[in-house]
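>>> Fold the following.
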Amino acid sequence: MTLWVFLFKNIRDRVFAAMTKEAIHLSDHFTYKKIIKFTLGTILMMIFSSIYWIVDGFFISNYIGTSAFAGVNLIFPVIMAVACIGFMFGAGGAALVSKKLGEKKEEEANKTFSLITCFTLITGLIFSLVFFFLVRPIAQGFASINTVNATEEMIDNAVRYGRIMIGGVSLYIMQSFFHSFFAVNERNDLGFLFTFASGVINMLLDYILIGVVGMQIEGAAIASLCGMSISAIGPSLYFYLSKKSLIHLCKPHFSISDITKSLTNGFSEFVSNVSGSVISIVFNVQLIKYIGESGVAAYGVIGYVCFVFFAIFIGYSVAITPVIGYNYGAKNGKELSNILRKSFVIIEIVGIVMLALAIGFARPIAEIFTAGNSELQDLSVHAMIIFSFCYLFTGYSMFGSSFFTALNNGLISAIISFCRTLVFQLIAVFVLPLIFGIDGIWASIVVAEVLSMVMTIIFMIIYQKRYGYSLDPFRIKERREKMTSSDV
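Residues are numbered from 1 along each chain as shown. Below is the predicted model of the structure:
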């Protein structure tokens, strides 16, 4: 036993020594290696979060039944919409706090962080109370809009699941909120560890409560909330107790301007997530019109892949936002340019890899979710191949929205998110099927992402001078300045 304790302590000390030695700070010059290392924890955190939601769906559909699975999917957009409060104040607050750190206003940054944390929690509790009594009418309303065989059993499952989840949605809000601040605190690794623990607890309780004990839909909701408590309460204690960290919770100083700025900064994240729920409903309506229920099922298969792949871009954007905000506050235009150029290269490479993986594994993925239905498999594979080309363009607008959030320009960030997730997709999903038939539905997301990418780059070009960065890939301006200084 003594030997094992000695070995454990030795390994632990070596790991912590390596982490300390190679710690990456917001003020550093970021190489590709540093960018990847700094963002990896948050990316893994987002991927793992998306995976354990998929596992939830697996247990519900296989152990409780189709009606329960449909009921969860019916009410889930409402839960996500309320939970977006955490994403909104997390992203917007992280941009504001990192900007103040760049301006060397550490005490003010901590007070702002504490204020936004308290305000987010109070807002979450209020929304939780209000929506608790609205779950049934909302479920009934969604069932009437979403024309997929809406039975009373499905609505009942939606209400039973929704009331428990909405009742504890503050946990989900705070979990989402703290995601961004681990990056600000330069400890993305801890964010992933909390998320990992949360996911393991969730999946373990799914198995015990649903698979072993035989609880119905309530078991799934309880398992989710127990998992979320790890990622909500744990970070709260960490930021309160770690007084020597870059940021920590302290006595807040009330400031309307800080709350307003956080809200407007992060509004694009709220718009993006809420719009995504609306688009899902519209897609289902169009698919039923052109294909039928098999189209909705195929869209569900794509959704699982999309959920994981988009999580990579979201994780990268969330992690890099504090770095951009810090350098904006420090008025370091050269480093802003460096991060922007390198991010574009990383996004394009990742997009190409995603495209290759989605096409290469389309058939095996479809077989997992369409057991034995060859017709549905063929439809899912065909749809996935067309849809997968969106991965080449998606990362630009996601990153672009976060980029302007980090620059504390919530308006441009919101415009990019709103156009990408709602305007362009709505137009494309209604117009393209009239020209290309069924394939137009699958291609609509690709067209929407291309338009979003073009709009994002235009905004970045327009705002170069205002924020002091440069999109010049050949750094002509920097070379001219060096030549001028050497001549002098």
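>>> Next, work out how far apart Arg363 and Ile222 are.
To Ile222, Arg363 is 37 Å away according to CB to CB, to the nearest Å. Bear in mind the C-beta positions are built from the backbone N, C-alpha and C, glycine included.
>>> Show me which of the two is the more surrounded one.
Neighbours were counted for Arg363 and for Ile222 using other CB atoms under 10 Å; Ile222 has more, 18 against 14.
>>> what helix or strand is that one on?
helix 217-241 (DSSP states H and E).
>>> In that helix, which residues are buried?
Across helix 217-241, burial judged by 16 or more other CB atoms under 10 Å covers 217, 219-232, 234-236, 238-239.
>>> Following element in sequence after it, please.
helix 256-290.
>>> Give the other helices and strands that that following helix contacts.
helix 66-102, helix 106-132, helix 135-145, helix 293-329, helix 391-406, helix 410-418, helix 424-436, helix 438-462 (3 or more CB pairs under 8 Å, 6 or more residues apart in numbering; DSSP states H and E).
>>> now, of the ones you listed, which is deepest in the fold?
helix 391-406 (a mean of 27; mean count of other CB atoms under 10 Å).
>>> Now do it and helix 293-329, the angle between them.
40 degrees (axes from the mean of the first three to the mean of the last three CA atoms, to 10 degrees).
>>> Can we start the residue count at 13 from this point?
New numbering, starting at 13: the last item is helix 403-418.
>>> Show me what helix 403-418 is packed against.
helix 78-114, helix 268-302, helix 305-341, helix 345-372, helix 422-430, helix 450-474.
>>> In CSV: the ones you listed, plus distance to Ser188.
Shown next, in CSV, are the helices and strands packed on helix 403-418 (distance: least, CB to CB, whole Å):
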stretch, distance to Ser188
helix 78-114, 3
helix 268-302, 9
helix 305-341, 10
helix 345-372, 23
helix 422-430, 16
helix 450-474, 23
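>>> Could you export those helices as CSV, including distance to Phe190 and mean pLDDT?
CSV is the format used below for those (distance: least, CB to CB, whole Å; pLDDT from 0 to 100):
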stretch, distance to Phe190, mean pLDDT
helix 78-114, 7, 78
helix 268-302, 14, 74
helix 305-341, 11, 80
helix 345-372, 23, 92
helix 422-430, 20, 87
helix 450-474, 27, 91
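>>> wait, which of these is closest to Asp484?
helix 345-372 (7.9 Å; CB to CB).
>>> Now do that closest one against helix 403-418, angle only.
Using the same axes, to 10 degrees: helix 345-372 against helix 403-418 is 150 degrees.
>>> buried ones in helix 345-372?
345, 347-356, 358-359, 362-363, 366-367, 370.
>>> Contacts for stretch 455-471 next, please.
With contacts defined as CB atoms under 8 Å, 6 or more residues apart in numbering, stretch 455-471 is touched by 398-399, 401-402, 405-406, 408-409, 412-413, 416, 424, 427-428, 431-432, 436-437, 439-441, 444-445, 448, 483.
>>> That stretch: how far from the chain's middle?
In terms of CA atoms, centre = their mean, to the nearest Å, the centre of stretch 455-471 is found 19 Å from the chain centre.
>>> Contact partners for the most centrally placed residue in the chain?
Using CA atoms, centre = their mean, the residue of the chain that lies closest to the mean C-alpha position is Ile326, 4.5 Å off. By CB under 8 Å, 6+ apart, Ile326 lies in contact with Met58, Met410.
>>> Repeat that for Tyr475.
Contacts of Tyr475 by CB under 8 Å, 6+ apart are Phe416, Leu419, Asn421, Ile424.
>>> same thing but 10 Å
Tyr475 makes contact with Phe415, Phe416, Leu419, Asn421, Ile424, Tyr481, according to CB atoms under 10 Å, 6 or more residues apart in numbering.
>>> Among those, give me the pair with the biggest separation.
So, these by CB to CB: farthest apart are Ile424 and Tyr481, at 13.9 Å.
>>> Overlap of the contact sets of those two?
Joint contacts of Ile424 and Tyr481 (CB under 10 Å, 6+ apart) are Phe415, Met472, Tyr475.
>>> I'd say the first one and Leu348 touch.
Okay, so that is Phe415. Yes. Proximity of Phe415 to Leu348 meets the contact threshold set by CB atoms under 10 Å, at 9.2 Å.
>>> Next, show the common contact partners of the two.
Ile336, Tyr340, Tyr479, Tyr481.
>>> could those residues go into JSON lines alongside distance to Ser267?
Formatted as JSON lines, the shared contacts of Phe415 and Leu348 follow (distance: CB to CB, whole Å):
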{"residue": "Ile336", "distance to Ser267": "23"}
{"residue": "Tyr340", "distance to Ser267": "20"}
{"residue": "Tyr479", "distance to Ser267": "24"}
{"residue": "Tyr481", "distance to Ser267": "28"}
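>>> Just give me the closest of those to Gly223.
Of these, the one sitting nearest to Gly223 (CB to CB) turns out to be Ile336, at 44.2 Å.
>>> The closest one reaches Ala418, doesn't it?
Yes. Using CB under 10 Å, Ile336 is in contact with Ala418, at 3.7 Å.
>>> Need the overlap of contacts for the two.
Applying CB under 10 Å, 6+ apart, one finds that Ile336 and Ala418 are jointly contacted by Ala107, Ser110, Lys111, Ser329, Leu348, Ile351, Tyr479.
>>> Report the contact partners of the last one.
Looking back up the chat, that one is Tyr479. 336, 339-340, 343, 345, 348-349, 415-416, 418-421, 472.
>>> if you set the cut-off to 6 Å instead, what comes out?
Leu419 (CB atoms under 6 Å, 6 or more residues apart in numbering).
>>> Please report phi then psi for it.
phi -110, psi 0 (degrees, to the nearest 10).
>>> Tell me how far it lies from Asp451.
Counting by CB to CB - Tyr479 and Asp451 are separated by 40 Å.
>>> And Met57, by the same measure?
35 Å.
>>> Next: Ile380.
Counting by CB to CB - Ile380 and Asp451 are separated by 24 Å.
>>> repeat for Arg148
39 Å.
>>> Same check on Thr54?
In terms of CB to CB, Thr54 sits 35 Å off from Asp451.
>>> hmm, back to that, export the shared contacts of Ile424 and Tyr481 to TSV and tack on distance to Cys130?
Listed next are these as TSV, based on distance: CB to CB, whole Å:
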residue	distance to Cys130
Phe415	28
Met472	34
Tyr475	33
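>>> just those residues now: which is nearest Phe71?
Distances from Phe71 to the shared contacts of Ile424 and Tyr481, taken by CB to CB, are shortest for Phe415, at 37.9 Å.
>>> what's the nearest residue to the closest one if we skip its chain neighbours?
Ile336 (6.1 Å; CB to CB, 6 or more residues apart in numbering).
>>> Was I right to think that neighbour contacts Asn420?
No. When contacts are counted by CB atoms under 6 Å, Ile336 is not listed as touching Asn420 (10.2 Å).
>>> If we ignore the residues flanking it in sequence, what's nearest Phe266?
Leu127 (6.5 Å).
>>> OK, contacts around Tyr44?
Lys354.
>>> err, Val84, not the other one
Per CB under 6 Å, 6+ apart, neighbours of Val84: Ile72, Tyr173.
>>> Distance of it relative to Gly69?
In terms of CB to CB, Val84 sits 7 Å off from Gly69.
>>> With Ile47 instead?
For Ile47 relative to Gly69 (CB to CB), the value is 33 Å.
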